[in-house]
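# Everything below, folded, please.
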Amino acid sequence: MKRFYPLIGGAILTLMASSYSMAIDVTMRQSDLGAGPLVAHVTGCLMANRSHRGTPCPEPQVLKAPDNAQRVANRLDRAWFFIDMQDFDKARAETELALGIAPNDLKARLLSARLSLTLADLPRAESDLALARKIAPDDPDVRATYAWLLLSKPAELEALREFEAVIAKHPHHRFAREQRAALLMRLGHYSAALEDFNFVVDDNPPNANSLERRSEAFLAVGKPQSAVADLSAAIKLEPSRFDLLTARADAYARADLGELALRDYDAVLATTGGSPLYVMFDNDRAKILAKRAFTYVRLRRFDNAAGDMVTAISLGGTPAILRAQVMLRRHGFSDLPLDGHDSPALRKALAACFGLDACFQGIMRAI
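Numbers count the residues shown, from 1 in each chain. Here you go, the predicted model:
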């Protein structure tokens, strides 16, 4: 099960601002699906307050209202502000204050459980959800969040039954649909997962992430051209995301459309003024170079493949080059020096290696 709820620091914000970025939400509360752990988004408030872009979002003031419902709502407003700031500890402190005012407030209890899931405090999440289930046993958000907790145990079949119960009564519950689809993919039930992804895509406004997830299901059922179509639609929605371009290149490669795959890999790996167009970590760049090398191999362009593979290996430094040289020696290139350096001899050996399936696979593992 993918768990994506990182805290985003200044360095990551810089990467997002300078390369591809997720869609920037005004607030997380507006884009929240209402269940499960809180998914970190780059919000307008976060960008404004941390990167000084746009109008800063003011912290809601504490109200001293006599009415308990108003005081709870105020604390939850403050909690959501800190969630936008990705300060989940402060957000949980605010929910604690809300629960101190009204222990049986469902919104406060559920948000407390979700924050605990986000912070990987499973015992507290379980305790909160037990209380929430007593307060509102049939609430779809509570049940879907409980199903996610079951996944973390892991108790996949029990989680699947819980998601199915939610969807049976609330077929438009997006979180339950998406999570059931992801679980069905994990269990290898790709066609059933695709049905859920189809429902999510058709039932909601166009969303790049939903289209990307459905493309994975299309690939799993052997429909790479349908995956290409979804990824192309996603790219139109978020054209600066290089991960979508890479995924479409992969789908083109699966569809034996090598030249189109190369076009997308080239776009992702492009440079301007000597600097990469898209900022990424070296290991990510190495993986994309290796994918492009594999595409070159399938097109029988071994010299191009060798150039990409040397660059990919070099990103791993001397140890990675040495691993590749050792692997080449094991596949018959006994004269190749073990010096950890790029050389014409290394490139020639790699080009020859790519014509041998076992050798090529060994080099891919050496990166």
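# Check which element follows the helix or strand of the chain at the bottom of the mean pLDDT ranking along the chain.
In the chain, no helix or strand scores lower on mean pLDDT, DSSP states H and E than helix 10-18, which sits at a mean of 34. Towards the C-terminus, the helix or strand next in line after helix 10-18, according to DSSP states H and E, is helix 28-31.
# Okay, buried residues for that following helix please.
With burial defined by 16 or more other Cβ atoms under 10 Å, the residues of helix 28-31 counted as buried are residue 28. C-beta: built from backbone N, CA, C; applies to glycine.
# so after it, what's the next helix or strand?
Next along the chain after helix 28-31, with elements defined by DSSP H and E, is helix 44-51.
# Can you give the distance of that following helix from its chain's centre?
Its chain's C-alpha centre lies 21 Å from the corresponding centre of helix 44-51 when counted by Cα atoms, centre = their mean, to the nearest Å.
# Show the average pLDDT along that helix.
Confidence over helix 44-51 (mean pLDDT, whole number) is 76.
# Name the residues of that helix that come out as buried.
The neighbour-count check on helix 44-51 (16+ other Cβ under 10 Å) flags 44, 45, 46, 47, 49, 50 as buried.
# Among the residues you listed, which one lies nearest to residue 116?
Residue 116 lies nearest to residue 46 out of these, by Cβ to Cβ, at 21.6 Å.
# which residue sits closest to that closest one, ignoring its sequence neighbours?
Excluding the flanking residues, the one nearest residue 46 by Cβ to Cβ, 6 or more residues apart in numbering is residue 84, at 5.8 Å.
# hang on, isn't that neighbour packed against residue 57?
Yes: assessed by Cβ atoms under 8 Å, residue 84 is found in contact with residue 57 at 7.0 Å.
# So for these two, which sits in the more crowded spot?
In this comparison of residue 84 against residue 57, neighbours counted by other Cβ atoms under 10 Å, the higher total goes to residue 84 at 23 against 18.
# So for the more buried one, what's the pLDDT?
With respect to pLDDT, residue 84 has a value of 88.
# what about the helices in the stretch 151-300 of the chain?
Counting by DSSP state H, counting those that start in this stretch, the stretch 151-300 of the chain forms helices over residues 156-169, 174-186, 190-203, 208-220, 224-237, 242-254, 258-269, 282-298, given from the N-terminal end onward.
# can you list the domain ranges for this protein.
Following automatic domain parsing, the chain resolves into domains at 1-130, 222-280, 284-367.
# Next, format those domains as TSV and append distance to residue 162.
Putting the domains of the chain into TSV (distance: least, Cβ to Cβ, whole Å) gives the following:
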stretch	distance to residue 162
domain 1-130	11
domain 222-280	28
domain 284-367	35
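# Sounds good, over and out.
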